[in-house]
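1. from the sequence below, what's the structure:
(chains A, B, C and D)
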Number of protein chains: 2
Amino acid sequence: MEHNSENCRSNCPINFILETFGDKWTLLVVRDLMFKGKKYYGEFLESDEKISTNILAERLQRLETHGVITKEKDPDHKSKFIYALTEKGKALLPIMLEVTQWSSTYDSLTNTPKEFSEALKVDKDGVKKGVLDRL
Amino acid sequence: MEHNSENCRSNCPINFILETFGDKWTLLVVRDLMFKGKKYYGEFLESDEKISTNILAERLQRLETHGVITKEKDPDHKSKFIYALTEKGKALLPIMLEVTQWSSTYDSLTNTPKEFSEALKVDKDGVKKGVLDRL
DNA sequence: CTGTATCCTTAGGGATACTG
DNA sequence: CAGTATCCCTAAGGATACAG
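-> The predicted model follows:
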């Protein structure tokens, strides 16, 4: 999804990302998909930050609308959906890695999980594997 | 500023950045400082997104509290302050560049200003100049 | 258990008045 | 003009009940 004229404040690229991710929850869902290997509704609910059910549903919907994730029926478990990153969603990886690096540098309490730093390492080599294989 | 135990949802690096920038306005102030060469209160008010005065004041305060910007008396114009990025603030550049690139790729209406793409170019060379000189 | 809907409180934020 | 404060409405979101 691209800029829609209504409720679009400007054509600035920084503003653009805020239209989708400018809140306290959305990026955490991306993190869970990208680094934690989560794909089910219930798995997102289990994360440390304790997102509430209605917020999660709204964010999954939003991300799907914006073309960042897909929602598909799980062939195995009926009445259950698998959420996955699209190419557009996977393309957020460099941003996520830079964020991780910045936070690690400036917050002594930040505990960077190994999945993050491994993804960071392979990306810096310019070799797109590791985390990305799984995406 | 680092994680303060109260109202900190987790020690995840992605969550950490959201504690400061997880809203629709804060990052725009950083953009204005980093790419637009703005430093005065009134200049931030002029941006396309039309931030309101109380929100701007609150965000400048927040960014200062979090060690991302400094607020110093303007020696020339009395009763006027100069806002500037700290090292921690300047270190957001790689994130800003990745965001710019992602938005440019996925939003056809995004109009990437020349300051952004120039900063992007010099950064990719690994040569920290251009925009960074001015910071 | 997966997901949706509802209730209700709080926080975000627009408009604007106000002070130095 | 720079910045703060207030008024007030709307959106964000926590708790929880509900439906398949």
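2. low-confidence stretches in chain A?
-> Residue ranges of chain A with pLDDT under 70: A:1-7, A:120, A:122-135.
3. which stretches in it count as helices?
-> Under the criterion DSSP state H, chain A carries helices at the ranges A:13-21, A:26-34, A:41-45, A:53-65, A:87-90, A:93-106, A:114-124, A:131-134.
4. got the buried residues for the third one?
-> The neighbour-count check on helix A:41-45 (16 or more other C-beta atoms under 10 Å in any protein chain shown) flags A:Tyr41, A:Phe44 as buried. For glycine as for every other residue, the C-beta is placed from the backbone atoms N, C-alpha and C.
5. got it, and the fourth one?
-> When neighbours are counted by 16+ other C-beta under 10 Å, the buried residues of helix A:53-65 are found to be A:Leu56, A:Arg59, A:Leu60, A:Arg62, A:Leu63.
6. and those residues as JSON lines, adding distance to A:Leu92?
-> Converted to JSON lines, those look like this (distance: C-beta to C-beta, whole Å):
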{"residue": "A:Leu56", "distance to A:Leu92": "18"}
{"residue": "A:Arg59", "distance to A:Leu92": "14"}
{"residue": "A:Leu60", "distance to A:Leu92": "16"}
{"residue": "A:Arg62", "distance to A:Leu92": "14"}
{"residue": "A:Leu63", "distance to A:Leu92": "11"}
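7. how about the residues of chain A by DNA strand C?
-> A:Tyr40, A:Tyr41, A:Gly42, A:Thr53, A:Asn54, A:Leu56, A:Ala57, A:Leu60, A:Gln61, A:Ser79, A:Lys80, A:Phe81 (C-beta under 7 Å from any atom of the strand).
8. and the last one, how many neighbours does it have?
-> Burial measure for A:Phe81: 15 neighbouring residues, criterion other C-beta atoms under 10 Å in any protein chain shown.
9. test my guess that it contacts A:Tyr41.
-> Yes: contact criterion C-beta atoms under 8 Å: A:Phe81 and A:Tyr41 qualify, at 6.9 Å.
10. who's in contact with the most centrally placed residue in chain A?
-> Compute the mean C-alpha point of chain A, and by C-alpha atoms, centre = their mean the closest residue is A:Val30, 1.2 Å away. A:Val30 sits next to A:Phe21, A:Leu63, A:Val68, A:Leu85, A:Gly89, A:Leu92, A:Met96 when contact means C-beta atoms under 8 Å, 6 or more residues apart in numbering or on different chains.
11. distance of the second one relative to B:Arg59?
-> The gap separating A:Leu63 from B:Arg59 is 26 Å, by C-beta to C-beta, to the nearest Å.
12. if we can go back for a sec, got JSON lines for the residues of chain A next to DNA strand C, with distance to DNA strand D too?
-> Formatted as JSON lines, the entries for those read as follows, by distance: C-beta to the nearest atom of the strand, whole Å:
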{"residue": "A:Tyr40", "distance to DNA strand D": "13"}
{"residue": "A:Tyr41", "distance to DNA strand D": "10"}
{"residue": "A:Gly42", "distance to DNA strand D": "11"}
{"residue": "A:Thr53", "distance to DNA strand D": "4"}
{"residue": "A:Asn54", "distance to DNA strand D": "4"}
{"residue": "A:Leu56", "distance to DNA strand D": "9"}
{"residue": "A:Ala57", "distance to DNA strand D": "9"}
{"residue": "A:Leu60", "distance to DNA strand D": "13"}
{"residue": "A:Gln61", "distance to DNA strand D": "12"}
{"residue": "A:Ser79", "distance to DNA strand D": "6"}
{"residue": "A:Lys80", "distance to DNA strand D": "9"}
{"residue": "A:Phe81", "distance to DNA strand D": "12"}
